[in-house]
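Novice: Whatever this is, show me its structure:
(chains A, B, C and D)
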2 protein chains.
Amino acid sequence: MTAPRSDTKTRILDAAEKLFGEKGFDATSLRDITAEADVNLAAVNYHFQSKDSLIDAAILRRAAPVNTARMARLEAAGPHPTLEQIIEAFIGPVLELHEEAMEMMMTRVFSAPDVMQRVFRDHMSILVRRFMDALAVVLPDLPEAERMWRLQFTAGAMAHAVTRGRILQETFGLDVKGRGLMIARLVKFAAAGFRAPEVH
Amino acid sequence: MTAPRSDTKTRILDAAEKLFGEKGFDATSLRDITAEADVNLAAVNYHFQSKDSLIDAAILRRAAPVNTARMARLEAAGPHPTLEQIIEAFIGPVLELHEEAMEMMMTRVFSAPDVMQRVFRDHMSILVRRFMDALAVVLPDLPEAERMWRLQFTAGAMAHAVTRGRILQETFGLDVKGRGLMIARLVKFAAAGFRAPEVH
DNA sequence: CCGGAAATAGAACATACGTATGATTTAATC
DNA sequence: GATTAAATCATACGTATGTTCTATTTCCGG
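Specialist: The predicted model follows:
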C-alpha cells in the first residue's frame, strides 16, 4: 500500500514549483527539476505521466486553497464588511500565500488562453459573483457594469504586482518584499477607485 | 532558383509577429517562421543575428510607435496637464492602436519574463520616468514610492483589460468593444486611486 | 557587360529536450 | 525469509531546435 520513499512525488512538485517560478515553464527542463529534487529523471514520467501533467499538478496544488482562503476571509469580515475589507479579502490571500508558487501559477494560467478560460469558468466565476454581491451592498449606487469593470481593474493591478513583481523591483526599484505594505497600498488605491463617481 | 526579394526582412517580421501571437515565442520555431514567410531558414540569422534579436525586433516594431504616441499625447496636453490627461496619455494609445496585434503581443511579452525584462529595461524605463515626473507636478504631496506603485497599479489594470479582454467578455459579459468608454472608466478609476491619501 | 558586394540557398552540426526501456532495488505481506 | 509489486535507477532513443558553413545567385555601379 504505502509506497517506499513516497515523498519523491512531493519533492518533485516542490522542485518544479521553485524552478517554474524562477525560470518559467519552458525554460525549466525535467533534468533541472530532477536535479533540484535529487531524484532520478525517470521519476517524473513515472509519478506524473508527462511534463504537462506535472505543470497542471503544480498549479492544482495551489489553486483551490487560495480561492477558499479569499472566500473565508470575506466571511470572516462579518455580515457587513466594509469596502476595504472586501478588497483585502480579494487580494490578500493571493499576495500572501506562497509568493513564488502564486507567481508561476498566475503566469502560466494567463499565458495559456484555453487553460485560463477553463480556470475562470470553473473557479473564478463563482468567486467573482460572490465578491460582486458584497460590493453591491457597500456601493449601492454603482451600476453593475461599472462595478465589474472596477473589480477587474483591481484584479489586473494585483496580477501585475504579483506576476511582474521581480521585474518591477529590478527596473524601478520598487520594494515588493514588504508584502503587507503593498497590500495596504493596493487596498487604498482600489477603494478610492471604487468610490469614484460613475462614468456617464 | 527563386527570384530575390528585398522585402525578406519585412516578410520575416510579419510572419514572426503572426506566429508569436498565435503560439508564443518558445513554441514558434525559426522553421515555422521561415515556412510562413516563404523564406530560407538561414535568412533569419542573416538579417537578424539570432532568434532573440528577432523577437526584440518584432516587439520593437510595435512597441516603439505606441510609446512615442504616449509621449506625444502627454506633450499635447500642454505644459500643465491634469491628472486625468496624464493617465489618458498613458493608457489611451495602448488601448487604441493595433487592437488585435497589441493584445497578442502584450500577452506573449508578459508571459515571457526574460523578454519582458529586456523590453522594460530598454524601452519602458524612460517612459515611466517621464510620466512619473508629470505625476509629481499634479501630486506634489504623494511620496515617490507611492506614486510609482499607483502608476504600476494603473498599468496592471490596463494590461489586464487589454490582454484578457476577450475572456472577460465571455466570462463576465463585459463590453470590451466600447474602447472609448473603457478608457474613460479606467481613467476615472485610476485618477481616484492616485488622489487617495497616502498609506502610512 | 562585368565584377564585387549583398543576399539567398541547401545542408549539416551540435545540442538539449521529453520520453521510453529494461534492469535493479526497496518495502510490505504472507 | 520468500514473494511480489511498487519504486528507483542508468541509459538510450528519436526528434526538434538554433546556428553555422559553404556554394550559388542576384543586384547594381563602372
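Novice: contacts, neighbours, all on C-alpha from now
Specialist: OK.
Novice: Now do the contacts for A:Met158.
Specialist: Going by C-alpha atoms under 8 Å, 6 or more residues apart in numbering or on different chains, A:Met158 touches A:91, A:186, B:153, B:156.
Novice: now the angle between helix B:144-163 and the helix or strand hosting it, please.
Specialist: Taking DSSP states H and E as the criterion, A:Met158 maps to helix A:144-163. Interaxial angle, helix A:144-163 versus helix B:144-163 (axes from the mean of the first three to the mean of the last three C-alpha atoms, to 10 degrees): 120 degrees.
Novice: Name the helix or strand of chain A that has the lowest mean pLDDT.
Specialist: Lowest by mean pLDDT, DSSP states H and E among the helices and strands of chain A is helix A:113-119, with a mean of 71.
Novice: Please tell me how far A:Phe90 sits from DNA strand D.
Specialist: 38 Å (C-alpha to the nearest atom of the strand, to the nearest Å).
Novice: what stretches of chain A score poorly on pLDDT?
Specialist: A:1-6, A:112-115 (pLDDT under 70).
Novice: ok now the longest helix anywhere in it, how far from the chain's centre?
Specialist: As assigned by DSSP state H, the longest helix anywhere in chain A is helix A:51-76. Taking C-alpha atoms, centre = their mean, to the nearest Å, one finds helix A:51-76 lying 8 Å from the centre of the chain it belongs to.
Novice: likewise stretch A:183-191?
Specialist: On C-alpha atoms, centre = their mean, the centre of stretch A:183-191 falls 17 Å from that of its chain.
Novice: Mind jotting down where the helices sit in chain A?
Specialist: Applying DSSP H to chain A gives helices spanning A:7-23, A:30-37, A:42-47, A:51-76, A:83-96, A:99-111, A:113-119, A:125-138, A:144-163, A:165-172, A:179-195.
Novice: does any part of the fourth one sit near DNA strand C?
Specialist: What it means is helix A:51-76. Yes - legend: contact between helix A:51-76 and DNA strand C by C-alpha under 7 Å from any atom of the strand is shown at A:51-52.
Novice: Can you mark which positions in that helix are buried?
Specialist: By neighbour count on 16 or more other C-alpha atoms under 10 Å in any protein chain shown, the buried set for helix A:51-76 is A:54-55, A:58-59, A:62-63, A:66-67, A:69-71, A:73-74.
Novice: Likewise for the third one?
Specialist: Burial within helix A:42-47, assessed by neighbour count using 16+ other C-alpha under 10 Å, is assigned to A:Val44.
Novice: can you tell if it touches DNA strand C?
Specialist: Yes - Helix A:42-47 reaches DNA strand C (C-alpha under 7 Å from any atom of the strand) through A:42, A:45.
Novice: contact partners of that helix?
Specialist: Residues outside helix A:42-47 that contact it (C-alpha under 8 Å, 6+ apart): A:8-9, A:12, A:30, A:34, A:50-51, A:54.
Novice: Which of these are buried, as a ChimeraX select command?
Specialist: Of these, the buried ones go into a single ChimeraX selection, burial set by 16+ other C-alpha under 10 Å:
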select /A:8,9,12,30,34,54
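Novice: The contacts of A:Met158: which two are farthest apart?
Specialist: The span of the contacts of A:Met158, defined through C-alpha to C-alpha, is set by A:Ile91 and B:Gly156 at 13.8 Å.
Novice: Show me the contact partners of stretch A:132-145.
Specialist: By C-alpha under 8 Å, 6+ apart, the list of residues contacting stretch A:132-145 from outside reads A:81-83, A:86, A:147-148, A:151, A:195, A:198, B:174.
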